[in-house]
Every structure is written in C-alpha cells, then in structure tokens.
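K.L.:
give me the fold of what follows.
(one chain, ligands or ions: 1)
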Amino acid sequence: MDPDIKKLLQQVKSNSQKLDRELAEMQAERKKREELKKLAPEVYLKARQLRDAGKFKRRVVKRTPKDMQWDVIELDCGHKTEHIESLMICKLDHDSENCEQCIENWLRRNGKKKVKAKKAQ
Ligand SMILES: [Zn+2]
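P.N.:
Numbers count the residues shown, from 1 in each chain. The predicted model follows:
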C-alpha cells in the first residue's frame, strides 16, 4: 500500500476512535443529566433553599483564561467550571459562586435517599 494512503488511513482511524470516545463521554454526561431530571420536585425545592442560603457557595481559588472567550474557574471545593470572560468583567469583586457540581452531587445523594425511602415503605 502507498505509504501516504496508509498514513491517511491511520489518521482517519485515530480520528474516528477519538470521536467514539467523545461520543461515549457525551452520552455518559447526558445519562447523568437525565437521571437528575427524574428527581422529585421536593428534592429540587430543598436544593434551591440550600442554594439561596449559600450552602453551595464556594470561593474562587483561581481563574485561568482558556481562550478569547472562556475562563476556567477553580473553586475551593476542588471543582472546576467555565465562564464567558465578558460576563465576569461586570463582577470584578466576584470571588465566590455557587458550585454546580456540588449541587449536582447533593441532588444525586439526596435523590437516591428519596428512592430508598420509598422502597422501604
Ligand atoms: Zn464543588
């Protein structure tokens, strides 16, 4: 086989493997979101109350520009999130924020408890 074609085929194969991996990650992510959608309304109500009480507020430890638009924000709980930089300009004193991942973890923990409690009845 022509070495150039062989190389090209290799690249196509490697790109396709990469796409497969990305697709699998996206599907896993979507599955996680779907699971969260099935939670009882009262679980969300409780989560909102906790959020409004500042229970999920985390200190911003580090802000790193990712590209021209996005900043990567590191929070003191160890989670990372991304923000559009232009949104942050009007929030210069913005040194803490709600951690979406901590909220998700809480929802997952407390959503499951709810299911278990129902089964026990
Ligand atoms: Zn967090």
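
K.L.:
break down this structure into its strands, ranges please.
P.N.:
Along the chain, counting by DSSP state E, strands occupy 57-65, 70-75, 80-84, 96-98.

K.L.:
check those for me and report the most buried one.
P.N.:
strand 70-75 (a mean of 17; mean count of other C-beta atoms under 10 Å). Using the backbone N, CA and C atoms, a C-beta is placed for each residue, glycine as well.

K.L.:
centre of the chain to that one, how far?
P.N.:
Centroid separation between strand 70-75 and its chain, computed with C-alpha atoms, centre = their mean, to the nearest Å, is 12 Å.

K.L.:
from here on, count from 4
P.N.:
Renumbered: residue one is now 4, and that last one reads strand 73-78.

K.L.:
quick one: contacts of that strand?
P.N.:
Here strand 73-78 makes contact (C-beta atoms under 8 Å, 6 or more residues apart in numbering) with 61-69, 83-88, 91, 100, 102.

K.L.:
ok, now stretch 29-47?
P.N.:
Counting by C-beta under 8 Å, 6+ apart, 107, 110-111, 113-114, 117 sit against stretch 29-47.

K.L.:
tabulate the strands of the chain (TSV), appending mean pLDDT.
P.N.:
Formatted as TSV, the strands of the chain follow (pLDDT from 0 to 100):
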stretch	mean pLDDT
strand 60-68	92
strand 73-78	92
strand 83-87	89
strand 99-101	89
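
K.L.:
turn the ones you listed into a markdown table, columns for distance to residue 45.
P.N.:
Formatted as a markdown table, these follow (distance: least, C-beta to C-beta, whole Å):
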| stretch | distance to residue 45 |
| --- | --- |
| strand 60-68 | 22 |
| strand 73-78 | 27 |
| strand 83-87 | 26 |
| strand 99-101 | 20 |
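
K.L.:
before we move on, back to that, widest-spaced pair of the contacts of stretch 29-47?
P.N.:
107 and 117 (15.4 Å; C-beta to C-beta).
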